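K.L.:
Output the structure for:
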Amino acid sequence: MMKTHFNSLPVTHFVSAAFFSDFLQLTKFRLAISVVFSSIAGYLLAADKIETLVLLGLSFGGFAMVGASNVFNQWIEKEKDTLMDRTKNRPLPAGRMNDLTALVIGSALAILGIYILNNINFKTALFGALSIFIYTCIYTPLKSATPLSVFIGAFPGAIPFMLGWVAATGSFGIEPGILFMLQFFWQFPHFWAIGWMLDNDYKKAGFKMLPSGNPDKATAFQIVFYTLWTLIISLIPSTQYSGTLSLSVVAVVFLTLIGLYFLYFALKLMQEKTKEAAKKLMHASIVYISLLQIIYVLDKWI
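P.N.:
Predicted coordinates:
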């Protein structure tokens with residue numbers, strides 16, 4: 001009996017490690033962490049002093065909400081995920097996790113996230129719950145129907161940056177509106193670059209992700225168009241129309257530089273129209289939004 005017991009320990013450890021790995025895939029851990037980063041940046045822009053409990057609640061509650069959205073998305077799209085090389089090894093399509101387990105995890109994360117965010121304030125919980133609803137119930141079904149799904153998906157995707165502001169102040173005004181608008185417009189070049197890279201894979205599952213339906217000149221033009229608008233919106237806090245959200249001249253210079261960096265790769269995609277150019281734009285978009293949020297925060301606190 002002792003031999004059987006000790007022999008089972010490595011097996012138990014392996015199963016636990018495998019489940020944890022599947023949990024990370026199911027919740028899209030890296031994406032969720034980037035969303036939490038955006039929320040924290042929004043909080044730091046609004047807060048005059050840092051309240052540790054609020055910051056922790058925003059981090060864990062935000063992660064739970066994003067994780068829940070990703071779990072529900074994969075639960076709904078399980079059959080389509082089996083058709084794509086990029087997603088066929090996820091826990092549900094690969095058969096490593098059953099539907100009920102995923103649904104329980106998603107529901108538990110959603111309830112936990114709403115509870116934690118509501119302890120910060122009601123509006124923070126409301127926006128968090130709204131993001132789950134739009135992403136799961138509107139964006140996900142529309143992906144197979146129309147390229148406009150990206151427009152709908154940009155709404156929950158733009159909430160995290162402004163959610164931090166709402167968590168700090170308990171109110172929604174021009175300042176979080178600008179943060180929302182900034183991340184809203186940024187998502188179009190970012191996700192269309194991904195859609196360009198994975199166009200063949202998406203089409204296997206019947207997803208319509210590019211605005212023209214194809215990786216072509218029309219799509220590339222729209223990518224450049226939305227990139228330009230993102231750069232313009234990023235500089236609004238340097239004007240008198242942004243309430244208490246403001247930028248110094250030094251911040252404007254740095255924002256302009258990283259904006260031109262972002263625009264360069266969008267123009268290169270329009271010129272080359274290749275998957276490699278789309279990949280470079282996708283990476284540039286991540287660098288851009290990360291640096292932008294850091295510049296915003298440092299400009300306030302330094």
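
K.L.:
Phi first, then psi, for residue 273.
P.N.:
Phi and psi for residue 273, reported as degrees, to the nearest 10, are phi 50, psi 50.

K.L.:
Please read off the pLDDT at it from the model.
P.N.:
Each residue has a pLDDT score; the one for residue 273 is 97.

K.L.:
do the same with the one 3 residues further on
P.N.:
For residue 276, the pLDDT comes out at 98.

K.L.:
From residue 225, how far off is it?
P.N.:
Distance, residue 276 to residue 225, using Cβ to Cβ, to the nearest Å: 22 Å. Glycine gets a C-beta too; all of them are placed from N, C-alpha and C.

K.L.:
Ok, residue 120 next?
P.N.:
For residue 120, the distance to residue 225 - Cβ to Cβ - is 36 Å.

K.L.:
Those two: which has the busier surroundings?
P.N.:
Between residue 120 and residue 225, counted using other Cβ atoms under 10 Å, residue 120 has the larger neighbour count: 24 against 14.

K.L.:
Was I right to think the more buried one contacts residue 58?
P.N.:
Yes. Assessed by Cβ atoms under 8 Å, residue 120 is found in contact with residue 58 at 6.5 Å.

K.L.:
Show me whatever sits in contact with both of those two.
P.N.:
By Cβ atoms under 8 Å, 6 or more residues apart in numbering, residue 120 and residue 58 have these common neighbours: residue 167.

K.L.:
List the residues that contact residue 255.
P.N.:
234-235, 247, 292, 295.

K.L.:
For these, which single residue is the most surrounded?
P.N.:
residue 234 (27 neighbours).

K.L.:
just to revisit the earlier point, can you tell me which of the contacts of residue 255 is closest to residue 114?
P.N.:
Taking Cβ to Cβ as the measure, residue 114 lies nearest residue 292 of these, at 28.7 Å.

K.L.:
and residue 207, helix, strand or coil?
P.N.:
Following DSSP: H, G, I helix; E, B strand; the rest coil, we place residue 207 in the coil state.

K.L.:
Give me the nearest residue to it, chain neighbours excluded.
P.N.:
residue 143 (4.8 Å; Cβ to Cβ, 6 or more residues apart in numbering).
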